[in-house]
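Predicted coordinates and the sequence they were generated for:
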Amino acid sequence: VKIQDSATHRYSIQWTGDTYCKLSDLDQEIINHNKASLNAIPYENSDLGGHIGNPNKHDYLLWMGFGVFDGLFRPHCTKTVERFREPWNYDEETVSLFREFTLTRYRLLPTLYKEAYLSYQEGTGLTMPISFEHQVPKIYSLRESYLADTILFTPYTDTKETPLLPSMYQGKVHATYFDNRDLQGKPILETEEKRLGFKIDGTKLHGVIPPYNFSAVYEFDIMPKSDIILHLLSDDGMRVFVDNTLVKEDWTCHAATDYEICELKGKQKYHIRIEYFQGEGAAILRPFFFYKRNIGKREIYFPDGKYVDPYSGKEFNGNKVYHVRLDEKKIPMYIKDSRIIFLAKNTRHALDSDFKHLLLDVYPGKENFSTMLYEDDGVSEGYLVNQCRITHCSYSFEEGKARIHLDKSQGTFRGKRCCKKRKITLRINHLFGFDNVKEVLINGERVKVKHHRRNQSLPALSFSESNCACKTSSLSLIQDVTKEY
């Protein structure tokens, strides 16, 4: 992402193009997203799942986890893929996980909507790279981001694709070319090549192969040094045989598409045969691989402070690098200490979330922190003339006591969403050494507090008095928006 023209900022919603579905492409989209936020393009968005290619279930869920905090959550692809990007094209577990990802997004709507308002006011992204306000090693500066300086978002998979290495080839590639799409008739050229891989558009291979409507057979032996996952990028049709067994076929015209072929064991010799045809347009054929040992592992840099995994309750100290397993079944996020998150009830549509009952999710610590709740009618442009309401909220810690200040609301707007009173549920998470809530006072008066065991059946950031990550304490009150607490 690079700003080429000042007119770029006329368009608030921008799209990154027809991306591939590989995890290395997902990582590039994460970097693009953070660069866009730095360049005041807050609603840059991707074709979630990749526009081209056939992501497996694991990769598909990682793409969806990345989209949860995006300005636009938009799964999309071309029509020539094996499966479209709806979760039910995989299995029931995928549907369940996708549903929970989207419900988490809606529960976080008070935070996302507030960040959208601040973006309108200040030009910042809904999430900002950690390097925006923190000194971090350069390698991590565009990999990770913050939502509201509260949730550390870490979708970067640290997955790198590698072309087949010269040392893997056990001899040369034998290539046979035909002047048709069906490998029929007398070959027009038989030759040997050092390695396989090309991208042409209107030019002739070897000076004699027609740029369109040709086919070819490539045969070669390879021996990887360690276990790999073999892939093939192809435009157009292809068949791949490993040791004379057909393992992948798509004999159709299509855009450049990534195919996961199979796993190959290290220090074992394989005979590869690739049948290929080129129709019209560009011709691409490129084998590559991922080291199996690197799949599922990644590095995460935690800036200053303390953080918790909201699924497991595991805590992390800041200014350190951790090696963390890549889990496609969880949103890649960690929550900072000394923070408050406004959560809304589960809903299926943003307009159904009216903020009449909110959960203040408290992550205790010894820092000071301030945030706010932003509200408007959700449909009009009344916010342009200050038809909106803002409620400031702060957290502080002094002499062994945590203090939460909920200010009286400022401003108003029209419509039924503008409630005079609302229910507030306060959930205090027993984390970061704060595991003994002795008493709670509201405006000087002691109130009854309930205590809850950890409930691992709940999702992360649930709208509940208990939590899946740790023990909690909770209480409820009715907030009069004209008063402070």
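Here it is on my side, so go on.

Residue 119 belongs to a strand?
No: under DSSP: H, G, I helix; E, B strand; the rest coil, residue 119 falls outside any strand and is assigned helix.

For whichever helix or strand residue 475 is part of, what is the distance to the chain centroid?
Secondary structure from DSSP states H and E places residue 475 in strand 472-480. Centre-to-centre, strand 472-480 and its host chain are 33 Å apart (Cα atoms, centre = their mean, to the nearest Å).

in that strand, what's buried?
Within strand 472-480, the residues that count as buried by 16 or more other Cβ atoms under 10 Å are 472, 473, 474, 475, 479. C-beta coordinates here come from the backbone N, C-alpha and C atoms, glycine included.

for the record, mean pLDDT for stretch 112-128?
Averaging pLDDT along stretch 112-128 gives 93.

Could you give me the buried positions within it?
Across stretch 112-128, burial judged by 16+ other Cβ under 10 Å covers 112-119, 124-128.

Can you pick out the ones from the residues you listed that are in strands?
Among these, the members found in strands (DSSP state E) are 127, 128.

now the buried residues of stretch 112-128 as JSON lines including distance to residue 72?
Converted to JSON lines, the buried residues of stretch 112-128 look like this (distance: Cβ to Cβ, whole Å):
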{"residue": "112", "distance to residue 72": "11"}
{"residue": "113", "distance to residue 72": "14"}
{"residue": "114", "distance to residue 72": "17"}
{"residue": "115", "distance to residue 72": "14"}
{"residue": "116", "distance to residue 72": "11"}
{"residue": "117", "distance to residue 72": "17"}
{"residue": "118", "distance to residue 72": "18"}
{"residue": "119", "distance to residue 72": "13"}
{"residue": "124", "distance to residue 72": "17"}
{"residue": "125", "distance to residue 72": "13"}
{"residue": "126", "distance to residue 72": "10"}
{"residue": "127", "distance to residue 72": "13"}
{"residue": "128", "distance to residue 72": "17"}
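
do you know how far residue 161 is from residue 287?
To residue 287, residue 161 is 11 Å away according to Cβ to Cβ, to the nearest Å.

give me every residue that touches the nearest residue to residue 343 once chain neighbours are set aside.
Of all residues not flanking residue 343 in the chain, residue 359 sits nearest, at 4.2 Å (Cβ to Cβ, 6 or more residues apart in numbering). Under the criterion of Cβ atoms under 8 Å, 6 or more residues apart in numbering, the contact list for residue 359 reads 342, 343, 344, 424, 425, 426, 427, 463, 464.

So residue 359, which state does it fall into?
When classified by three-state DSSP, residue 359 comes out as strand.

re the thing from before, now, which of the contacts of residue 359 sits nearest residue 414?
residue 344 (20.5 Å; Cβ to Cβ).

that older thread, out of the buried residues of stretch 112-128, who's nearest residue 353?
For these, the minimum distance to residue 353 (Cβ to Cβ) is 8.7 Å, reached by residue 113.

Contacts only, for the closest one.
By Cβ under 8 Å, 6+ apart, the residues touching residue 113 are residue 374.

Next: residue 78.
Contacts of residue 78 (Cβ under 8 Å, 6+ apart): 18, 51, 52, 255.

show me what contacts residue 304?
Contacts for residue 304 (Cβ under 8 Å, 6+ apart) come out as 134, 318, 319.

tell me the pLDDT at the closest residue to residue 406 other than its chain neighbours?
Closest residue in space to residue 406, ignoring its immediate chain neighbours: residue 485 at 4.4 Å, by Cβ to Cβ, 6+ apart. For residue 485, the pLDDT comes out at 96.

Counting neighbours, what do you get for residue 485?
By other Cβ atoms under 10 Å, 14 other residues sit near residue 485.

And residue 327, by the same measure?
Neighbour count for residue 327, taken as other Cβ under 10 Å: 16.

cool, the one 5 residues further on as well?
When neighbours are defined as other Cβ under 10 Å, residue 332 has 24 of them.

Enumerate every residue touching it.
Applying Cβ under 8 Å, 6+ apart, we find residue 332 in contact with 65, 66, 153, 154, 155.

Brilliant, that's me finished.
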